[in-house]
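J.: quick one, what's the 3D model for this:
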Amino acid sequence: MTAVTLDADVVIGLFDAQDAHHDAAVTLFAECDADSLLMSTATLSEVLVGPLRKGNVDAAEHLLARLDVRFVDVDSVIARRAADLRAEHSGLKLPDALGLATALERGAELQTFDERLQRIQAAIT
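T.: A predicted model of the protein is given here:
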């Protein structure tokens, strides 16, 4: 079983046709053959800010449900892994560290457009 953890930039890109990553996000989802899509609950809070501001959070939540995204709570193991990542990689923001830690702890690949996160993930896996 293959699992993919979604970073906020990928989902935001999918939601927003005006986003710089929209076309890449649409392609990523069209070509994704993962058995399961995961998202940290911390990432969910990032993803929902734009739809809440625009008044279309119901549509965003419906799309996440249609994609069958499974949400992973930030527990003490993920929190510790995120802290380790931040300690090792100066300037790594907490939401990014939580998303990557979620992927690592679940044995999943983090799908992100953030080149720095891609490099960190590649160095670890």
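J.: in the protein, which segments are predicted with low confidence?
T.: 1 (pLDDT under 70).
J.: what ranges do the helices span in it?
T.: Using DSSP state H, the helices of the chain run over residues 8-15, 22-31, 41-54, 57-66, 76-88, 94-106, 115-124.
J.: Thr2: which of those is closest?
T.: helix 94-106 (11.2 Å; CB to CB). Just so you know, the C-beta spots here come from the backbone N, C-alpha and C atoms, and that holds for glycine as well.
J.: what's the angle from that closest one to helix 41-54?
T.: 140 degrees (axes from the mean of the first three to the mean of the last three CA atoms, to 10 degrees).
J.: so how far is helix 94-106 from its chain's centroid?
T.: 8 Å (CA atoms, centre = their mean, to the nearest Å).
J.: any idea how far Asp33 is from Glu109?
T.: 12 Å (CB to CB, to the nearest Å).
J.: what sits in contact with each of the two?
T.: Thr2 (CB atoms under 8 Å, 6 or more residues apart in numbering).
J.: looking at those two, which is more packed in?
T.: In this view Asp33 and Glu109 are compared by other CB atoms under 10 Å, and Glu109 has more residues nearby, 15 against 6.
J.: can you put the helices of the chain in a markdown table and add distance to Thr2 and mean neighbour count?
T.: Converted to a markdown table, the helices of the chain look like this (distance: least, CB to CB, whole Å; neighbours: other CB atoms under 10 Å):
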| stretch | distance to Thr2 | mean neighbour count |
| --- | --- | --- |
| helix 8-15 | 16 | 23 |
| helix 22-31 | 13 | 13 |
| helix 41-54 | 19 | 17 |
| helix 57-66 | 19 | 13 |
| helix 76-88 | 20 | 15 |
| helix 94-106 | 11 | 23 |
| helix 115-124 | 15 | 14 |
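J.: against Leu38, how distant is the residue of the chain most remote from its centre?
T.: Ranked by distance from the centre of the chain (CA atoms, centre = their mean), the top residue is Gly55, with 21.9 Å. With distances taken as CB to CB, Gly55 is found 27 Å from Leu38.
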